[in-house]
Each structure stands twice: as C-alpha cells, then as structure tokens.
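Colleague: What follows is a protein structure lacking sequence information:
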Ligand code: GLU
C-alpha cells in the first residue's frame, strides 16, 4: 500500500517567467520538491508563459538557475525533457486546441465578442450596484448569425467557460480543509484570449491533467482560482488532483511580503552572499514545522521529515533577523577557502581588492576572512568586516568612545610608539613574533591588559574592536602596523 502510494505522487512547480524567482515561489517549489522526494515521487517543472507581454526567456533562465542554486532539481520538465513535453505553454498550443473544440461543442464554452468598452461599462454598473464585478453572460446564447455579424464587423472573440448556476464548489484542501465557493459569484471566465492563447486557469488544468500531476502544492493566492479549475476538470472529465494551498508569506508588519520588507528574490539573496543551505532551511520553516524546537536542518533531513500535515494554515512571517542568524550558522560551517571565494566579489566591488587574489595574497585573505567568520552573517558584509585589514593608514573614529578612553590613558602614547619602533625592527613577523613583541612592550613599559592590548589594537586599526589582536597585527605585517601607529600618534 505504502509503496503503491509512493510510486504515484507527482508534483510540479509551474512558474510564470515574468521576473526573478521570488521567496514565495521558491517556497512553493521547495515544498513540492520536499514532498516528491519524501514520497519517492516525481518532480516536474513547467513554464507558464501564456502572458506574452510579461514573459521572457531571461526570466525563465533566472528562475531555473535560482532553483538549481537552491538544490531543487526536477525529474521531468523544461531543460530535462520527459514523456509529456513540451514543457513551455507557448509550445503546447496545438495540444490545447482539441479541448477547446470539445468544450465549444458540448456547450461548456462559447465565443464572446464583447468589446473592452462594453465589459468596462458592465463592470462599472455592477460596482455601482455594490455587486462583485463579473461577466454577466451577454454572449452566452449568440446565434450563428450573431457571431457572423460580429466577425464581419471585425471583432475577434475570446472563449469563455459557461459557469453553471447555483453550484457549490468544494475544494478539499490538504492544508486548508474544506473550502466552499458559490458558482454564482464566478462570472463566465475567459479560457482562450482573442490572440488564441489560453488563460492561466485553462492551461494549468490541461497541463496538470495531461502531465499526470497528483498533488498541486501552491500559494494561497491561487485558492480563489481553484473553483474555476474544478469546473474545467469536471467539464473535461479529468480526474481531480489533490490540492494543498500554502499560506501567504507576510512581512514582519503582517502585510503581504513585498520589497519594503527587504530583498524578495532568491537572486538578491544569492548576490548578498547568503548560502543556499541557509535559504532552503529558512524557507522550509516558512509555513511548515517539524516536531520539536530545532531550527537547523539539512536538505536531507528536511526531505526525511517533510509532510503536508504539518504545513500551517496561518500565514508565515518572514523574519530577516532569523534568516541572518541561520545564514551566520551556515557561514561558520563553511570551509574558509570557500567562504573567501564568496567574499571576493564584494571586496572587489568595494574597491578593497583591485584584482582577484592568488597565491600568497589569497592565503593572506583567507586568514583575514577566517578572523571575521564568526561575525559574518552574509558575504556582502565582508568589506565592512575586513576593511580593517586594508589601507596603509587609519583615521580615529570620534564616535568610538572606548578608543577615546584608552587613548587618554597616560601610558598609551608610549605603548603606541613602542609598537611602531618594534615594527620597524622586523622586516616581517609571524604570530609568535607578534606575541613576543607585545610581551616585551608590556614588560618594558610596565603596562598590561587593556592599557597594552587595547592601545596596540587602536594603534594598528584606529578602532577599539575587531578581530583577534594577534591575528590582526600578524596579517597587517610590521610595515603597515608601523605606518598606522605613527598616524595614530599624530592624531593624539
Ligand atoms: N504560473 C503560476 C504562478 O506562477 C502557477 C500557479 C499554479 O501553481 O497553479 O503563480
């Protein structure tokens, strides 16, 4: 039984290629993928590009690249092939035609010649009466003669679905439970536009049915489309798939997630130096939760634990701080050579690096990155965190109160100038030498603790905080430490 059930599951992600992959879309794709992998089922990706004006190949490529980057793969569909292709709706028009004919012939659909102006007038009239705007069926019963007259007048028809009256349409949703719709609230809707392209509601049903999709997992924003889709399934005699509508993603102010709440596309997170493991972990917990309090899960663990039963009905709130926390966790696990590669583009863009580092320079950078790895939430923070290692000289920051206090100590000028002198004595130094140098200065001047180490830190970096002091001095090297210490002395 279990095996039989598992073999049957087939899900799909069906993006409209109108822009980059958004957080909400990525979450839908992920939930489908997790469900398929958990059930030993099949994942399909199809492109819903019937909106000619808004669709583009660039957007399609961006979406697919984002999916792959997240680690979401698919067994069938665009770029992969399979027995139910093609997988772009624009290339499937010939497959839709017979079904349009069938619906026209058996009266489930009809041609409508209403002009934009007529439709708008109807809309205004309904709104004026306080009613829901919908198509009232003016062209429902045109005769052949009427149609010919419209055609002769140069009107191009759309094809509408004839929505039955007084029907209760029920979506048995795996997440939301039983959701009912009254067919009287749904006007006869367009299934084929005047340019011959199918609408979303029509093409989605044909594709899902023809591709053998068993479970439709998608965002709640599509729930209101579902009764229309149910009618098409029924009219064509296709078996119904199961539906699971996942709650919306809200921003922290509880309004629908938008640009105001931060980056909305996966690409932006990738560019900011977020790791796919972190984003996947975070997205999985947006509306789904396993048992227990744990928050860190690998893709393999998520796959094992995922179930639609534990998808929440209530909206998920996008918490950027939590994502940053999670990403910081994964950054700490990342090998430093890899993390350095993520940081390099940001350092180049910020002008801290002029060229792609190699050889010793790369090894040096890796050590610098390692020294701030604990502090880094995402790679775009690299210039800010690593700035301390770049440039010959430093300026004291008047806002750094702690630095001001330390510099005001009587012993500080002597410590700083001793550091400059010692640095001059070494053409090069390693961590062991630096340790010895600090110890010697302490002994010679009779200072220790904050008066020694903090003063040395400020001498080398102009600031009271930053990476480990020994690492800082070692990586800066004696020449830069000396130049900076002298510059700080001049600013006292
Ligand atoms: N093309 C639709 C979208 O991008 C997919 C809707 C569905 O999953 O049915 O929102």
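Modeller: Arrived safely, thanks for sending. Bear in mind that the values here come from a model prediction, so they are computed numbers and not experimental data.

Colleague: Nearest residue to the middle of this structure?
Modeller: residue 266 (2.9 Å; Cα atoms, centre = their mean).

Colleague: For that residue, which residues are in contact?
Modeller: Contacts for residue 266 (Cβ atoms under 8 Å, 6 or more residues apart in numbering) come out as 20, 21, 22, 23, 26, 66, 69, 70, 279. Every residue, glycine included, has its C-beta placed from N, CA and C.

Colleague: and what of residue 106?
Modeller: So residue 106 contacts residue 235 (Cβ under 8 Å, 6+ apart).

Colleague: How about residue 212?
Modeller: Residue 212 is in contact with 10, 84, counting by Cβ under 8 Å, 6+ apart.

Colleague: What separation is there between it and the ligand?
Modeller: As judged by Cβ to the nearest ligand atom, to the nearest Å, residue 212 and the ligand stand 15 Å apart.

Colleague: Quick check: phi and psi at that residue.
Modeller: Note on residue 212: backbone dihedrals following degrees, to the nearest 10 are phi 70, psi 30.

Colleague: pLDDT score for it?
Modeller: Listed pLDDT for residue 212 reads 98.

Colleague: Equivalent analysis for residue 4, please.
Modeller: Value for residue 4, per-residue pLDDT: 46.

Colleague: if I look at residue 141, how far off is the ligand?
Modeller: Note on residue 141: its distance to the ligand, by Cβ to the nearest ligand atom, is 32 Å.

Colleague: can you tell me which residues contact that residue?
Modeller: Residue 141 neighbours (Cβ under 8 Å, 6+ apart): none.

Colleague: Report the contact partners of the nearest residue to residue 273 once chain neighbours are set aside.
Modeller: Of all residues not flanking residue 273 in the chain, residue 379 sits nearest, at 2.2 Å (Cβ to Cβ, 6 or more residues apart in numbering). Neighbouring residues of residue 379 by Cβ under 8 Å, 6+ apart: 272, 273, 274, 331, 339, 342, 343, 346.

Colleague: and the protein, which residues reach the ligand?
Modeller: Counting by Cβ under 6 Å from any ligand atom, the positions of the chain adjacent to the ligand are 14, 15, 16, 48, 204, 218, 222.

Colleague: Looking at those residues, which one is closest to residue 362?
Modeller: residue 15 (38.3 Å; Cβ to Cβ).

Colleague: Could I get the contacting residues of residue 352?
Modeller: Neighbour list for residue 352: 383, 386, 387, 390 [criterion: Cβ under 8 Å, 6+ apart].

Colleague: And it, how far from residue 467?
Modeller: Separation of residue 352 from residue 467 (Cβ to Cβ, to the nearest Å): 15 Å.

Colleague: How many neighbouring residues does residue 178 have?
Modeller: Counted with other Cβ atoms under 10 Å, the neighbours of residue 178 add up to 8.

Colleague: So which residues make contact with the lengthiest helix in the chain?
Modeller: For the chain, the helix with the greatest residue count under DSSP state H is helix 469-491. Contact with helix 469-491 is made by 364, 367-368, 371, 388-389, 392-396, 407, 413, 416-417, 419-420, 422-431, 434-435, 437-438, 453, 456-462, 466, as judged by Cβ under 8 Å, 6+ apart.

Colleague: helix or strand right after the helix-or-strand element of the chain with minimal mean pLDDT?
Modeller: The helix or strand of the chain with the poorest confidence is helix 2-8; it has a mean of 52 (mean pLDDT, DSSP states H and E). On the C-terminal side of helix 2-8, the nearest following helix or strand under DSSP states H and E is strand 10-13.

Colleague: now that following strand: mean pLDDT?
Modeller: For strand 10-13, the per-residue pLDDT averages 98.

Colleague: Equivalent analysis for stretch 303-312, please.
Modeller: Taken as a whole, stretch 303-312 has an average pLDDT of 96.

Colleague: now swap in stretch 170-190 and tell me
Modeller: Mean pLDDT, computed over stretch 170-190, is 96.

Colleague: Now find how far off-centre it is within its chain.
Modeller: The gap between where stretch 170-190 is centred and where its chain is centred comes out at 29 Å by Cα atoms, centre = their mean, to the nearest Å.

Colleague: Could you report the pLDDT at whatever residue of the stretch 151-300 of the chain ends up closest to the ligand?
Modeller: When scored by Cβ to the nearest ligand atom, the stretch 151-300 of the chain has residue 218 as its residue closest to the ligand, at 3.7 Å. Looking at residue 218, its pLDDT is 98.

Colleague: Would you verify that it is located in a helix?
Modeller: No. Applying DSSP: H, G, I helix; E, B strand; the rest coil, one finds residue 218 to be strand, outside a helix.

Colleague: Now it: closest residue in space, sequence neighbours ignored.
Modeller: Nearest to residue 218 is residue 28, by Cβ to Cβ, 6+ apart, at 5.3 Å.

Colleague: ok, the one you found - how many residues close by?
Modeller: Neighbours of residue 28 (other Cβ under 10 Å): 22.

Colleague: same check, this time on residue 267
Modeller: So residue 267, with other Cβ under 10 Å, has 18 neighbours.

Colleague: Secondary structure element holding it?
Modeller: Here residue 267 sits within helix 266-271, counting by DSSP H and E.

Colleague: before we move on, what about residue 178?
Modeller: Here residue 178 is assigned to strand 177-182, by DSSP H and E.

Colleague: Could you do residue 123 as well?
Modeller: Going by DSSP H and E, residue 123 is in helix 116-128.

Colleague: picking up where we left off before, need the contacts of residue 352 in TSV (columns: pLDDT, secondary structure and distance to residue 247).
Modeller: Output for the contacts of residue 352, formatted as TSV (pLDDT from 0 to 100; DSSP: H, G, I helix; E, B strand; the rest coil; distance: Cβ to Cβ, whole Å):
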residue	pLDDT	secondary structure	distance to residue 247
383	98	helix	37
386	98	helix	40
387	96	helix	41
390	97	coil	46
